[in-house]
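Just the structure for this:
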Amino acid sequence: MTNLERDLLELEKNAEDKELIEAVFRAMHTLKGVSSMYGFNSISDYTHSFESIYQGVRDELTLLTKEIFDLTFQSIDHIRNLLQDADLQNKVNADRHKILLDNVKSVVEKINKTAAELPIELKKDDLHKKKEQTWYIQLRTNDIFEFRGIKMVNIFYDLSELGTFEIIKNPYLVPYQTEHTEYWGIFFNTSAKRDEIEEVLMFILDDCKIIKVSDFNLFDNNLETHTDNEKEISILDAIEKEFKKPDEEEALLETIKNNNSFKNETIKEVSKQLTSRISVSSDKLDTLNHLVSELVTTNSELSLAIRHNQLNKIIQAGEKVEKLSKLFRENALEIRLVPVKDMLVRFKRLVRDLSLHLGKKVDFKIQGEDTELDKSLIDALAEPLMHLIRNCLDHGIEMPAERIKKNKPDVGILNFSAYQAGNSIIIKISDDGSGMDPEVIKRKGIEKGFISSDHHMSTKEIYDLIFLPGFSTAQNLTEVSGRGVGMDVVRRRIQDIRGDVEIESKVGGGTTFTIQLQQTISIIDTLLIRSAKTYFLIPLDEIEVCDQRDSKEIFKSQNKYVELNQTLIPYIHLRSEFNLEQNNLLTEKVIFINKNENRFALITDHIVGEYQAVIKPLQNVCMKSEFLCGASIMGDGNLALMLDTSKLIKSVFHNQIEINQQLLTN
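Now for the predicted structure:
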């Protein structure tokens, strides 16, 4: 369904792309076959009627119109509903089914009328006949077909819609037959392409061999260019050439499928597990296989070294295990990563439908769709991103007439970009619309009582008011937004996955929402530090410099700055920030952090060293938990707290503004 929706969105931009038309038709055909096989008769009947429309498009009997596109998108939504209500028990679904089916039949009747009016020499059957090819399909059947619920009648019915065929038993050059296995030969004349034939045979494709015998219909009696003997030689040559190819998978498949343990319960369990699986690149699996073999070898080396009490070899094996553990970590995390483009289809559909509903023209541009995110992040981000896109379309981008008055193109631009920056993933959603006026937002905040009229705020703090519950600057309520519900949920959902969202805007120049996420990495390289008796962790790739300074020099001023390369950097004293036991040390360890070009320093007692941490979620049970994003249990049983550097940066600069204001007042 997702692939069908993606192809449709692309086809709407280029309605004459024959490959996309074929892809949509095949998807419809597959939906019909799959739904019929699994008993979703309402879906099967509907798609059977609907694919006639795209058959007409393929045969150039009709053009792709807005009516057909709208009907197709409505049908996709309806089919999703039918998956939950296959028997049409819901009255809304039943009524919608009838209306859509009537609309489909109306379009099909128009296509049939066009076909009937064509001159005889251009009739579809004659056109197809000129393009017919002959294929040979060798089919192997066995008892497992019954367990899989395969209905051969439906498959042969679908083949008959593509062309004509003849079946023979015990065909040419078959492998040995067993008590539970039979071989059949199918000569198939059709104008369809190979991938269309494979679509029909998709559920038995592992039990088939498909060979093209000729580029014309060998069995057409009207063709006098080939004698019967030449035809037979052509068939045998093509089949023999194909079956002389080595195929080691045949024996393997036969062994698996004839295994007594392959029962119906096993099939059900496998089907259940498939719903929670993700596609993984074979390269990543090859790497995993290599690492496993290395681990087995290292384990053998370690066992032998321990048995013979060889200390040097034990140390070497231990170092190998440490290296392998890091490689396993990287590989395991990569396996969970999926590209952002997997969730973009729903956003493309949202932009299309919503822009039509609002009467706006929008060009949705995408960059960085191959950026990879953890699967759990992809799922959690869908709703917040959808809400931000809706806001850009409804509040940001103006109506075409208004844009023209502002000397802008009538088509608005909505940009989606994703890229990786260090250990973070940055997602930006921006529009070229009217932008947000900080003065208007502040005035609304004062009216609603969120802030006082004499409260001094930076531009960023003003924009952050938008994320407060119930805050909205919309002048009118719409079906899309404007009730002040949602933006607070957006920030909360993003913060739940250790992320943050910020707003940049320019009056008349558009708005940009920037989401910064940390991969949901369970194992990361960190620097382990200690203040008093509490251990803290800092992501290693965010550390710029580690230094040691005299305590009196650090704490002599009130403005909380330390100097680095003739630049003053604000700092946080961990003992003071987390209310830890105070201790008058002569020297302090200073760790300079650089997070997205924002720099600050942490003052701590002791730097333990590099530490590979297994990070687990941390509930709000610790003091100052807003500055923590997880914890790790160390080898000695102590707990190390993971510092959230993004939150610390905000705290640092907020404190500095207050200190500077106090100094100016004094």
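
could you pull out the helices for the stretch 351-500 of the chain?
375-391, 400-405, 438-447, 459-464, 487-496 (DSSP state H, counting those that start in this stretch).

my bad, the stretch 1-150 of the chain
Using DSSP H, counting those that start in this stretch, helices in the stretch 1-150 of the chain cover 2-13, 18-37, 41-58, 66-84, 91-116, 124-130, 144-147.

now the fourth one and helix 41-58, what's the angle there?
What separates the directions of helix 66-84 and helix 41-58 is an angle of 160 degrees, with axes from the mean of the first three to the mean of the last three CA atoms, to 10 degrees.

Output helix 66-84 as PDB, restricted to C-alpha atoms.
C-alpha atoms of helix 66-84 as PDB (Å, rounded to 0.1, in the frame of the first residue of the first chain):
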ATOM      1  CA  LYS A  66      -7.800  14.600 -11.500                       C
ATOM      2  CA  GLU A  67     -11.000  12.500 -11.100                       C
ATOM      3  CA  ILE A  68      -9.000   9.300 -11.400                       C
ATOM      4  CA  PHE A  69      -6.200  10.400  -9.100                       C
ATOM      5  CA  ASP A  70      -8.700  11.500  -6.400                       C
ATOM      6  CA  LEU A  71     -10.600   8.300  -6.800                       C
ATOM      7  CA  THR A  72      -7.400   6.200  -6.500                       C
ATOM      8  CA  PHE A  73      -6.300   8.000  -3.300                       C
ATOM      9  CA  GLN A  74      -9.800   7.600  -1.800                       C
ATOM     10  CA  SER A  75      -9.700   3.900  -2.700                       C
ATOM     11  CA  ILE A  76      -6.400   3.400  -0.900                       C
ATOM     12  CA  ASP A  77      -7.800   4.900   2.200                       C
ATOM     13  CA  HIS A  78     -10.900   2.800   1.900                       C
ATOM     14  CA  ILE A  79      -8.900  -0.400   1.400                       C
ATOM     15  CA  ARG A  80      -7.000   0.400   4.600                       C
ATOM     16  CA  ASN A  81     -10.400   0.600   6.400                       C
ATOM     17  CA  LEU A  82     -11.500  -2.700   4.800                       C
ATOM     18  CA  LEU A  83      -8.500  -4.400   6.400                       C
ATOM     19  CA  GLN A  84     -10.200  -3.800   9.700                       C
END
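
which residues touch it?
1, 4-5, 8, 12, 24, 31, 40, 42-43, 46-47, 50, 53, 57, 62, 88, 90, 93, 96-97, 100, 103-104, 107, 349, 352-353 (CB atoms under 8 Å, 6 or more residues apart in numbering). (Glycine included, C-beta is placed from N, CA and C.)

What average pLDDT does stretch 550-562 get?
Taken as a whole, stretch 550-562 has an average pLDDT of 81.

Off-centre distance for that stretch?
48 Å (CA atoms, centre = their mean, to the nearest Å).

circling back to that earlier point, buried among the contacts of helix 66-84? Make that a ChimeraX selection.
This is the ChimeraX syntax for the buried subset of the contacts of helix 66-84, where burial follows 16 or more other CB atoms under 10 Å:
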select :4,5,8,12,24,31,40,42,43,46,47,50,53,57,62,88,93,96,97,100,103,104,107,349,352
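
if we can go back for a sec, out of the helices of the stretch 1-150 of the chain, nearest to Asp464?
With respect to Asp464, and counting by CB to CB, the nearest of those is helix 2-13 at 34.3 Å.

returning to that earlier point: using TSV, lay out the helices of the stretch 351-500 of the chain together with mean neighbour count.
What follows is the helices of the stretch 351-500 of the chain, written out as TSV (neighbours: other CB atoms under 10 Å):
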stretch	mean neighbour count
helix 375-391	19
helix 400-405	14
helix 438-447	16
helix 459-464	16
helix 487-496	17
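
Quick check: which of the ones you listed is nearest to Thr287?
helix 375-391 (18.5 Å).

Does that closest one pack against any helices or strands, and if so which?
Helix 375-391 sits against strand 337-339, helix 344-358, strand 424-431, helix 487-496, strand 510-518, with contacts defined as 3 or more CB pairs under 8 Å, 6 or more residues apart in numbering; DSSP states H and E.

Throw these into TSV and include distance to Ala317, thanks.
Converted to TSV, those look like this (distance: least, CB to CB, whole Å):
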stretch	distance to Ala317
strand 337-339	31
helix 344-358	46
strand 424-431	36
helix 487-496	42
strand 510-518	34
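
Indicate which one of these is closest to Lys284.
strand 337-339 (8.9 Å).

Mind listing what's buried along that closest one?
Leu337, Val338.

Can you list the helices and strands that that strand packs against?
strand 372-374, helix 375-391.

how about the CA coordinates for the longest one, as PDB?
Output of helix 375-391 as PDB, limited to C-alpha atoms (Å, rounded to 0.1, in the frame of the first residue of the first chain):
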ATOM      1  CA  LYS A 375      13.200   2.400  13.800                       C
ATOM      2  CA  SER A 376      11.700   3.500  17.200                       C
ATOM      3  CA  LEU A 377      12.500   7.100  16.400                       C
ATOM      4  CA  ILE A 378      10.800   6.900  13.000                       C
ATOM      5  CA  ASP A 379       7.600   5.600  14.600                       C
ATOM      6  CA  ALA A 380       7.700   8.200  17.400                       C
ATOM      7  CA  LEU A 381       8.400  11.200  15.000                       C
ATOM      8  CA  ALA A 382       5.500  10.500  12.600                       C
ATOM      9  CA  GLU A 383       2.800  12.400  14.600                       C
ATOM     10  CA  PRO A 384       4.900  15.500  15.600                       C
ATOM     11  CA  LEU A 385       6.200  16.000  12.100                       C
ATOM     12  CA  MET A 386       2.700  15.700  10.700                       C
ATOM     13  CA  HIS A 387       1.500  18.400  13.000                       C
ATOM     14  CA  LEU A 388       4.400  20.700  12.100                       C
ATOM     15  CA  ILE A 389       3.700  20.200   8.300                       C
ATOM     16  CA  ARG A 390       0.000  21.000   8.900                       C
ATOM     17  CA  ASN A 391       1.000  24.200  10.700                       C
END
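
Any idea how far it is from the middle of the chain?
With CA atoms, centre = their mean, you get 11 Å for helix 375-391.

how about the helices of the stretch 1-150 of the chain, which one is nearest Asp431?
Of the helices of the stretch 1-150 of the chain, nearest to Asp431 by CB to CB is helix 2-13, at 19.2 Å.

so what's Ile397 up against?
Here Ile397 is in contact with Lys360, Val362, Arg403, Gly412, Leu414, Asp431, Asp432, Gly433 (CB under 8 Å, 6+ apart).

Nearest spatial neighbour of it, chain-adjacent residues omitted?
Gly412 (3.6 Å; CB to CB, 6 or more residues apart in numbering).
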